[in-house]
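Novice: Quick one, structure for this:
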Amino acid sequence: MKVVDIAQEIYMELDEPSSLSIPPIAFWLRSNVGTLNNYIDTRFKINDDSLEIEAFEHDSNVDVQIGREEKSIFKKMYMVHYYALKLRETLGAAASDPMIEVTSDGATVRKINKNELSKTYAQAKRFEYEELQTLIAGYKKFEFLPLQVAGDDTVGGSVYTNITLNRARR
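Specialist: As a prediction, this is how the structure comes out:
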């Protein structure tokens with residue numbers, strides 16, 4: 001899958017904000033493939049010719065495209081980044097705009113409370129980060145299989161039969 005396709009999906013999921021476009025999202029995705037690799041222990045890279053995200057497989061010597069699970073983790077990583085940016089924007093604006101409500105000649109103008117907006121973005125970022133951690137844990141749990149299982153299941157275990165279980169020795 002191409003980086004631009006994932007960037008477009010993210011842009012659509014964010015409801016096409018006017019303050020954002022697809023190229024910055026695609027740039028962020030290209031720049032953070034290594035972070036994805038670190039999170040889920042993969043070897044994804046950007047193909048210079050096709051601009052697709054691929055993983056090199058040792059056994060088959062072929063490039064495999066990014067899957068649905070990896071893509072959802074990558075998209076969630078961007079969502080955490082997006083809300084972190086929004087949080088920084090509102091924190092900076094809150095410091096420079098202390099006025100919340102003005103009343104004059106019977107008319108009232110109320111501005112958005114930047115502190116409350118910052119709290120909302122912080123909560124959204126925290127929620128997205130928790131979902132990211134859940135996705136990563138689920139991916140690692142179901143994607144990685146053991147390389148070796150040691151032991152012999154054909155030999156029966158020994159059971160001790162003369163153990164007393166009465167703890168109150170009266």
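
Novice: Val102 - that's part of a strand, no?
Specialist: Yes. Val102: assigned to a strand according to DSSP: H, G, I helix; E, B strand; the rest coil.

Novice: mind pulling up the phi and psi values for the residue nearest to it when sequence neighbours are not counted?
Specialist: The shortest distance from Val102 to any non-neighbouring residue, by CB to CB, 6 or more residues apart in numbering, is to Val109 (4.9 Å). For glycine as for every other residue, the C-beta is placed from the backbone atoms N, C-alpha and C. Torsion angles at Val109 (phi, psi; degrees, to the nearest 10) stand at phi -120, psi 120.

Novice: Could you measure from Val109 over to Thr103?
Specialist: Val109 sits at a distance of 8 Å from Thr103 (criterion: CB to CB, to the nearest Å).

Novice: again with Gln133
Specialist: 46 Å.

Novice: Equivalent analysis for Ser18, please.
Specialist: 31 Å.

Novice: Compare these two and say which one has the larger neighbour count.
Specialist: Higher neighbour count among Ser18 and Thr103: Thr103, with 9 against 5, using other CB atoms under 10 Å.

Novice: Can you list the low-confidence ranges for the protein?
Specialist: Applying pLDDT under 70 to the chain flags the ranges 57-63, 93-101, 144-170.

Novice: redo that, cut-off 90
Specialist: Per-residue confidence for the chain (pLDDT under 90) gives these ranges: 1-2, 41-43, 46-67, 88-119, 140-170.

Novice: so where do the helices sit in it?
Specialist: Along the chain, counting by DSSP state H, helices occupy 3-13, 22-31, 33-40, 68-96, 114-143.

Novice: Asp48: which of those is closest?
Specialist: Comparison of these against Asp48 by CB to CB identifies helix 22-31 as nearest, at 10.9 Å.

Novice: okay, now Leu87: neighbour count?
Specialist: Neighbours of Leu87 under the rule other CB under 10 Å: 20.

Novice: what residues are up against it?
Specialist: For Leu87, the contacting residues are Ser118, Tyr121, Ala122, Lys125, by CB atoms under 8 Å, 6 or more residues apart in numbering.

Novice: Which residue is the nearest non-sequential neighbour of it?
Specialist: Excluding the flanking residues, the one nearest Leu87 by CB to CB, 6+ apart is Tyr121, at 4.1 Å.
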